[in-house]
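Student: here's a sequence, model it:
(chains A and B)
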Amino acid sequence: MKIRIATWNVNSVRLRVPAVERLVDEHNPDVLCLQETKVQDDSFPLKSLKSAGFKHIAISGQKSYNGVAILSRLPLEQVDKKVWCGKQDCRHLSALLPGGIELHNFYVPAGGDIPDPNENDKFAHKLAFMREMADWFGERRRKDNKLVLVGDLNVAPHENDVWSHKQLLKVVSHTPVEVEAMEEMYRSHDWTDAIRHFIPTSEKIYSWWSYRSPNWSKSDKGRRLDHVWVTPALKPALRHAEIVRAARGWDKPSDHVPVIVNLDVPD
DNA sequence: ATGCCGTATGATATACGA
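Tutor: Residues are numbered from 1 along each chain as shown, chains lettered A, B, ... in the order given. Here you go, the predicted structure:
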């Protein structure tokens, strides 16, 4: 069974319905995980997105901040959300897909400006969130677990996941303590970074470009914050990965672009 | 080091993003 899974931080789903429709037209994902939907569940644009082809939709949203959703052409079972760091802040949704694939969609806290957990509660929250993720998956580690973890993880781990490793070493998203926390997450279930599985670490790739820099493409000061990971049981199923860079240049763009992975799972 | 811009909100300034 072939399945095409995408993740996209849309920065307001209500403003991005036309962009989602365009992604469907041009890239046709079977499953699309959204972050930063920024809307309460009763105002989610359910009808428009069902019309776009996603019959099965799971949402977890709140007013103004955060919010995640899973849009799917395929049935979703065992939809669940977990409380992380004791907060009900709509940063996670999971569901079981056909083929026994357990999908987890995350929006990891951005972490604020100051990369010091003693001075900045948001940075402390980010590190605690990542450690809790590592612990949670570590406790559930099984050789045959078919897990896919996607989302805006708000960390660009490799040197070539940012436009300038040296200039971003003290900038939240690329600091050594965050990279170490992410490596602890990788180890928790021996995850494979599906994007870097296909694109060597020698090549610079990004999934986010700030709204604040005009001429984002020419200056190209991006970071790779959006990820798709799979557990060892799914590594042989990996077929293709792509980052839809062009989406940053669409009308009314998000500052993040979609990241898509193809899997071929034995029936 | 700063500003740059976009989004949401009992809004016309503020919080947040990263």
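
Student: which parts of the stretch 51-200 of chain A are helices?
Tutor: A:121-139, A:165-168, A:176-188, A:194-198 (DSSP state H, counting those that start in this stretch).

Student: for A:Val13, find the nearest of the ones you listed.
Tutor: helix A:121-139 (22.0 Å; Cβ to Cβ). For every residue, glycine as well, the C-beta is placed using N, CA and C.

Student: what comes up buried for that closest one?
Tutor: Under the neighbour-count criterion of 16 or more other Cβ atoms under 10 Å, helix A:121-139 has A:Phe123, A:Ala124, A:His125, A:Lys126, A:Leu127, A:Ala128, A:Phe129, A:Met130, A:Met133, A:Ala134, A:Phe137 buried.

Student: please apply the same query to stretch A:90-104.
Tutor: A:90-97, A:99, A:101-104.

Student: neighbours around A:Asn118, how many?
Tutor: Each residue near A:Asn118 was counted by other Cβ atoms under 10 Å, and the total is 8.

Student: what parts of chain A come near DNA strand B?
Tutor: Residues of chain A lying close to DNA strand B (Cβ under 7 Å from any atom of the strand) are A:9, A:11-12, A:14-15, A:36, A:38-39, A:63-65, A:109-113, A:122, A:152, A:154, A:172-173, A:208, A:210-214, A:223, A:225, A:252, A:255-256.

Student: partner residues bridging A:Ile243?
Tutor: Under DSSP bridges, the beta-bridge partners of A:Ile243 are A:Val259.

Student: just say helix, strand or coil for A:Ala6.
Tutor: strand (DSSP: H, G, I helix; E, B strand; the rest coil).

Student: check A:Lys235 too.
Tutor: Going by three-state DSSP: A:Lys235 is helix.

Student: ok, it to A:Ala52 distance?
Tutor: From A:Lys235 across to A:Ala52, the span is 31 Å (Cβ to Cβ, to the nearest Å).

Student: between those two, which has more neighbouring residues?
Tutor: When A:Lys235 and A:Ala52 are compared for neighbours, A:Ala52 comes out ahead with 18 against 14, by other Cβ under 10 Å.

Student: pretty sure the more buried one sits against A:Pro18.
Tutor: No. Between A:Ala52 and A:Pro18 there is no contact, the gap being 9.8 Å when judged by Cβ atoms under 8 Å.

Student: if we can go back for a sec, can you lay out the buried residues of helix A:121-139 as CSV showing pLDDT?
Tutor: Converted to CSV, the buried residues of helix A:121-139 look like this (pLDDT from 0 to 100):
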residue, pLDDT
A:Phe123, 97
A:Ala124, 96
A:His125, 97
A:Lys126, 97
A:Leu127, 97
A:Ala128, 97
A:Phe129, 97
A:Met130, 98
A:Met133, 98
A:Ala134, 98
A:Phe137, 98
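
Student: next, give me the two most distant ones among those.
Tutor: A:Phe123 and A:Phe137 (21.9 Å).

Student: list the contacts for A:Lys82?
Tutor: A:His92, A:Ser94, A:Trp136 (Cβ atoms under 8 Å, 6 or more residues apart in numbering).
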